[in-house]
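Student: Have a look at this fold, sequence not included:
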């Protein structure tokens, strides 16, 4: 009962915000083909992971989207909140999109996942006496959120980390992005071999493709100053570190067979 009330309250809050509350949550409804792709994608997630894991994972999609939209709105961009953020259309940003602004927004998305992980961990202990189902949902969210954030910070094409590192590389060292992309691909490949994971193997090959051909990012003549580039790079590494600590229970469970 409490889990149902929580879902209804969350849906009501989101509906109120998108309809007339906060301008940063103007909804971007997908075209029919993207809507079909999104529904199919969610169904596949439920089939692969089960409803218990797919629910927190989908929640992470929206939490990440909320972070990026909030950052874009803070910079004065008229960004819209995508109804299907992962399987839907590209983010609607009106006006010229500056690479540094995009990188900043993609860094704030994982920061919101950090906040979500910490708050859900604390809430899960509080709601345990009232609803074990809601407590399990929040506990899973506290672990899945940092892992999803780590995935989005990988310097692979279309994941988000590629834009951040490309922006940093242009300001600090031109081959920094190439080096870290190759390193990340090697680490993911080792994990894929050790865990015998086909999914991680495809992800590693995707990283190799990004390292060889570069990220598919449109050219942007603007660039950060070197101090600003170093600051963004330090924030990028710090975010990865915090996400790694928060996701360590799941990481240790995956590495236990070794």
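Tutor: Nice, thanks for sending it over. These numbers come from a predicted model, not from an experiment.
Student: which stretches of the protein aren't confidently modelled?
Tutor: Applying pLDDT under 70 to the chain picks out residues 1-27, 29-30, 87-97, 219-221, 249-258.
Student: Going along the chain, name the strands of the stretch 1-150 of the chain.
Tutor: Per DSSP state E, counting those that start in this stretch, the stretch 1-150 of the chain carries strands over the ranges 27-28, 78-79, 81-82, 93-94.
Student: Partner strands of the third one and their direction?
Tutor: Partners of strand 81-82 in the sheet, by DSSP bridges, are strand 27-28 (parallel).
Student: List the buried residues in stretch 203-221.
Tutor: Across stretch 203-221, burial judged by 16 or more other Cβ atoms under 10 Å covers 203-204, 206-208, 210-211, 215, 220. No exception for glycine: its C-beta is placed from N, CA and C like everyone else's.
Student: neighbours around residue 48, how many?
Tutor: Neighbourhood size, residue 48 [other Cβ atoms under 10 Å]: 11.
Student: contacting residues around it?
Tutor: When contacts are counted by Cβ atoms under 8 Å, 6 or more residues apart in numbering, residue 48 is found next to residue 54.
Student: and the gap between it and residue 240?
Tutor: 26 Å (Cβ to Cβ, to the nearest Å).
Student: Residue for residue, what is the longest helix the protein has?
Tutor: The longest helix of the chain (DSSP state H) is helix 99-127.
Student: And that one, what's buried?
Tutor: For helix 99-127, burial by neighbour count (16+ other Cβ under 10 Å) applies to 99-114, 116-117, 120-121, 123-124, 127.
Student: Who are the contact partners of residue 115?
Tutor: By Cβ under 8 Å, 6+ apart, residue 115 has no neighbours at all.
Student: Helices along the stretch 1-150 of the chain, start to end?
Tutor: For the stretch 1-150 of the chain, the helices defined by DSSP state H, counting those that start in this stretch cover 2-19, 32-49, 51-74, 99-127, 132-152.
Student: helices and strands around the last one, which ones?
Tutor: Think helix 132-152. helix 2-19, helix 51-74, helix 99-127, helix 226-246, helix 248-255 (3 or more Cβ pairs under 8 Å, 6 or more residues apart in numbering; DSSP states H and E).
Student: cool, and the third one?
Tutor: Of the remaining helices and strands, those touching helix 51-74 by 3+ Cβ pairs under 8 Å, 6+ apart are helix 32-49, strand 78-79, strand 81-82, helix 99-127, helix 132-152.
Student: Relative to residue 229, which of these is closest?
Tutor: Among these, the nearest to residue 229 by Cβ to Cβ is helix 99-127 (9.1 Å).
Student: Please state the offset of the closest one from the chain centre?
Tutor: Relative to its chain's centre, helix 99-127 lies at 9 Å (Cα atoms, centre = their mean, to the nearest Å).
Student: Same question for stretch 64-72.
Tutor: 10 Å.
Student: buried sites along it?
Tutor: Neighbour-count burial for stretch 64-72 [16+ other Cβ under 10 Å]: 64-72.
Student: From residue 160, how far off is the nearest residue to residue 85 once chain neighbours are set aside?
Tutor: Leaving aside its chain neighbours, residue 85 sits nearest to residue 65 (3.8 Å; criterion: Cβ to Cβ, 6 or more residues apart in numbering). Applying Cβ to Cβ, the value for residue 65 to residue 160 is 11 Å.
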